[in-house]
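> Here you go, sequence then predicted model.
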Amino acid sequence: MRGHIEALHRTHGIVVRATLMRLLGDLDLADDCCQDAFASALAVWPESGIPAKPLAWLVKAGRYAGLNTFRKNQRQVALPAEELVAFGDEPDIEIIDDDALRLIFMCCHPSLGVESQIALTLRECCGLSTEEIAHAFLCPMPTLAQRIVRAKAQLKAGGHSLELLNDEVISERLPGVLHVLYLTFNEGYYASSGYSLVRADLAREAIRLTRLVVSLLRTSETVGLLALMLVQESRRSARTNAEGDIILLDDQDRRLWNQAMAREGILLSDEAVGCSSLGSYALQSAIAAVHARSPESDSTDWGQIVGYYDQLQALGYSPIVELNRAVAVAYHVGPEHGIEIIERMLAEGELAHYGLAYSALGGLKEKLGQLAEAVLAYEVALAKSNQDSERKWLREKIENLQKSL
């Protein structure tokens, strides 16, 4: 029974918390009452059995706890038992799917900084503890806790609550919500610092939340983002060896890819790309799907990938996209063409701080046999890397090339 209730908390805690937020009007109180409701379930359900409508039961229990908290606060003393709101007197409460979506939009409110949006989303929408979030981001727990407290206070001071999601609000805020989900996934899929290349829990939570968004709001971009996450996540087992070291896409054993996840991602990408107006996530999912469809690295359709990168750049120039496009061009028509693009970008000051630009340049120089120049590029990449696994990979690459000079 405990396992069942814990799974329910993981998958539907956001629905209970969001509905309580709508009913009680206070995020902290809704959070506490949500925890009380699940604690009540742990105490009651083993004896009574699982109710016919478990979510309605949990919301009812949470509202019951909230009302009694209100009354206690008004009196400033504990209420005698006869004055407590009776649980059985609570009417059935309608569970509205939009509540969960509205909670996500509230946590990703544009008045908050991106780091606060991510922390609050993981805390309130994914149900991760402050300790779990701090661990995932390698951040001291007091710092992370303060970040969440300040974010809640800022929302409260600004009068930001669960807003009615009309077309105007969705159109204005959806890109920001998807950006937060994507950043969360990326931090889980490719950790920017620390000893671990991946943080599976973050990526898993980002996918779960994006699935929820897609179930409530199915657009080309929401579907495209979910497709992109699934295809990338499908490669997790092949991305590192037993020691946690990096294995590049070209060298991965594609039999280790999660084929079911990859197929789902490809199908969703086809759906996203089939829409008349393509956005960034739909196009990125299409690129990921081309890789996923290729049984071997050598059979990748790089021309198609370059075409998708051209469409991405047409949406708005991005130096990161241009770097990825340069690599695709190198594979499609030759390394020298990719090198020309990257060296032009670096000469113009673009991505001069970005270690992966030098790593990509080193890889292309190495393919042309320009080993001394490749070592120089890898050394710059090493100096700019904060990721332990990446630093180890670069050091080994430099040492091996130096032996051949």
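Arrived safely, thanks for sending. Numbers count the residues shown, from 1 in each chain.
> chain center to stretch 244-264, what's the gap?
Centroid displacement of stretch 244-264 relative to its chain, using Cα atoms, centre = their mean, to the nearest Å, is 19 Å.
> Put the alpha carbons of that stretch into PDB.
Extracted C-alpha coordinates of stretch 244-264, given in PDB (Å, rounded to 0.1, in the frame of the first residue of the first chain):
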ATOM      1  CA  GLY A 244      31.000   7.100 -16.400                       C
ATOM      2  CA  ASP A 245      33.300   8.400 -19.200                       C
ATOM      3  CA  ILE A 246      31.800  10.000 -22.300                       C
ATOM      4  CA  ILE A 247      31.100   8.000 -25.500                       C
ATOM      5  CA  LEU A 248      30.400  10.300 -28.500                       C
ATOM      6  CA  LEU A 249      27.400   9.800 -30.700                       C
ATOM      7  CA  ASP A 250      29.600   8.400 -33.500                       C
ATOM      8  CA  ASP A 251      31.100   5.700 -31.200                       C
ATOM      9  CA  GLN A 252      28.000   4.700 -29.300                       C
ATOM     10  CA  ASP A 253      26.700   1.100 -29.500                       C
ATOM     11  CA  ARG A 254      23.200   1.900 -30.900                       C
ATOM     12  CA  ARG A 255      21.900  -1.500 -29.800                       C
ATOM     13  CA  LEU A 256      22.000   0.000 -26.300                       C
ATOM     14  CA  TRP A 257      19.600   2.800 -27.200                       C
ATOM     15  CA  ASN A 258      16.100   2.400 -25.700                       C
ATOM     16  CA  GLN A 259      14.300   1.500 -28.900                       C
ATOM     17  CA  ALA A 260      10.800   1.800 -27.500                       C
ATOM     18  CA  MET A 261      11.500   5.300 -26.200                       C
ATOM     19  CA  ALA A 262      13.200   6.300 -29.500                       C
ATOM     20  CA  ARG A 263      10.200   5.000 -31.600                       C
ATOM     21  CA  GLU A 264       7.800   7.000 -29.400                       C
END
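> Tell me which residues of that stretch come out buried.
Neighbour-count burial for stretch 244-264, counted by 16 or more other Cβ atoms under 10 Å, picks out Ile246, Ile247, Gln252, Arg254, Trp257, Asn258, Met261, Ala262, Glu264. Using the backbone N, CA and C atoms, a C-beta is placed for each residue, glycine as well.
> Out of the residues you listed, flag the one nearest to Tyr281.
Glu264 (15.7 Å; Cβ to Cβ).
> From Val223, how far off is the closest one?
Taking Cβ to Cβ, to the nearest Å as the measure, Glu264 falls 11 Å from Val223.
> now do Leu351
Relative to Val223, Leu351 is positioned 30 Å away (Cβ to Cβ).
> go on, Ser269?
Relative to Val223, and taking Cβ to Cβ, Ser269 is found at 8 Å.
> Likewise for Thr143?
For Thr143 relative to Val223 (Cβ to Cβ), the value is 36 Å.
> Same question for Val306.
24 Å.
> Between these two, which has more neighbouring residues?
More crowded of Val306 and Val223, by other Cβ atoms under 10 Å: Val223, with 26 against 19.
> chain center to the helix or strand harbouring the more buried one: distance?
Val223 is part of helix 220-233 when elements are defined by DSSP states H and E. With Cα atoms, centre = their mean as the basis, helix 220-233 stands 11 Å off its chain's centre.
> And whichever helix or strand comes after that helix, how far out from the chain middle?
Once the chain leaves helix 220-233, the next helix or strand it forms, by DSSP H and E, is helix 236-239. Here the centre of helix 236-239 is set off from its chain's centre by 18 Å, with Cα atoms, centre = their mean.
> can you dump the C-alpha coordinates of helix 236-239 into PDB?
C-alpha atoms of helix 236-239 as PDB (Å, rounded to 0.1, in the frame of the first residue of the first chain):
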ATOM      1  CA  ARG A 236      21.300   7.400 -22.000                       C
ATOM      2  CA  SER A 237      22.700   3.900 -21.600                       C
ATOM      3  CA  ALA A 238      25.100   4.300 -24.600                       C
ATOM      4  CA  ARG A 239      26.400   7.800 -23.700                       C
END
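> any idea how far Val180 is from Glu187?
Distance, Val180 to Glu187, using Cβ to Cβ: 11 Å.
> Sorry, slip of the keys, the one I care about is His12.
Here His12 is placed at a distance of 25 Å from Glu187 (Cβ to Cβ).
> quick one: the helices in the stretch 251-400 of the chain?
For the stretch 251-400 of the chain, the helices defined by DSSP state H, counting those that start in this stretch cover 259-273, 280-293, 302-315, 319-333, 335-347, 355-367, 371-384, 388-404.
> which residues make contact with the fourth one from outside it?
With contact meaning Cβ atoms under 8 Å, 6 or more residues apart in numbering, helix 319-333 is reached by 300, 302-303, 305-306, 309-310, 312-313, 336-339, 341-342, 345, 350-351, 354, 356-357, 360, 364, 367.
> List the buried residues for the host helix or strand of Gly62?
Applying DSSP H and E as the criterion places Gly62 in helix 54-75. Neighbour-count burial for helix 54-75 flags 54-69 (criterion: 16+ other Cβ under 10 Å).
> next SSE after that helix?
Sequence order places helix 97-107 as the next helix or strand after helix 54-75, per DSSP H and E.
> What helices and strands are in contact with the helix or strand just after that following helix?
Proceeding C-terminally, helix 97-107 gives way to helix 114-124 as the next helix or strand, assigned by DSSP H and E. Identification of packing neighbours for helix 114-124 by 3 or more Cβ pairs under 8 Å, 6 or more residues apart in numbering; DSSP states H and E yields helix 97-107, helix 130-136, helix 141-157, helix 167-189, helix 200-216.
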